[in-house]
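Asker: What follows is a predicted protein model with its sequence.
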Amino acid sequence: MNPIEITPKTHDFLNREPGLLAVIGTNGKHGYPLMVPVWFRWDGEAIVVWSLASRTWIQNLIRDPKAGVTVQEEAAPQMAVIMRGEASIETSDGPHVDEEIRRITRRYVSEEKVEGYIRDWSSLRTIVRIVPRKIFVWV
């Protein structure tokens, strides 16, 4: 699948630092949606999230990879980006996972605190990538 083109303004919005929270919506096993706020990184093609494989929202994605994502400002002008897409999940102790965890954490934690923060959450070794099929932007 080819990545969806986004404008430079939307790209900058998704990569703002300090990072905004994203809310990921998954299809729950009982038919109700589950929405979870998360730290994320936009890599130019996907929303990338660091988490723990046993979390309910990730288990939902294993069962049904369809996901919704929204990122929005709290203050005016309240730009928002809404995506629908599909997730892929990787749990690993590999160095590529370490580097992705650092990239995400640096958006939310000052550089001098990154390594300590990651050590405190060392059991989180799962990377979720949500590749959008549709993107809606509110400006």
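Answerer: Structure's in. What do you need?
Asker: Residue 109 in helix, strand or coil?
Answerer: coil (DSSP: H, G, I helix; E, B strand; the rest coil).
Asker: Leaving out the residues flanking it, which one is nearest to it?
Answerer: Closest residue to residue 109 apart from its sequence neighbours, by Cβ to Cβ, 6 or more residues apart in numbering: residue 117 at 4.9 Å. (Each C-beta comes from the backbone N, C-alpha and C, glycine too.)
Asker: And the pLDDT for that neighbour?
Answerer: On the pLDDT scale, residue 117 is placed at 72.
Asker: Dihedrals phi and psi, it?
Answerer: Per-residue torsions, residue 117: phi -60, psi -50 (degrees, to the nearest 10).
Asker: The nearest residue to residue 106 once chain neighbours are set aside sits in which helix or strand?
Answerer: Using Cβ to Cβ, 6+ apart and skipping the chain neighbours, the partner closest in space to residue 106 is residue 114 (5.7 Å). Using DSSP states H and E, residue 114 maps to helix 114-120.
Asker: Report the buried residues of that helix.
Answerer: 114, 118 (16 or more other Cβ atoms under 10 Å).
Asker: What residues sit buried inside the helix or strand just after that helix?
Answerer: Counting by DSSP H and E, the next helix or strand C-terminal to helix 114-120 is strand 126-138. Buried positions in strand 126-138, judged by neighbour count with 16+ other Cβ under 10 Å: 126, 127, 128, 129, 130, 131, 132, 135.
Asker: Make a markdown table from the residues you listed and add distance to residue 74 and pLDDT to it.
Answerer: Shown next, in a markdown table, are the buried residues of strand 126-138 (distance: Cβ to Cβ, whole Å; pLDDT from 0 to 100):
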| residue | distance to residue 74 | pLDDT |
| --- | --- | --- |
| 126 | 28 | 93 |
| 127 | 27 | 96 |
| 128 | 24 | 97 |
| 129 | 26 | 98 |
| 130 | 22 | 98 |
| 131 | 27 | 97 |
| 132 | 22 | 96 |
| 135 | 21 | 95 |
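Asker: which residues touch residue 129?
Answerer: Neighbouring residues of residue 129 by Cβ atoms under 8 Å, 6 or more residues apart in numbering: 43, 46, 47, 48, 87, 88, 89, 90.
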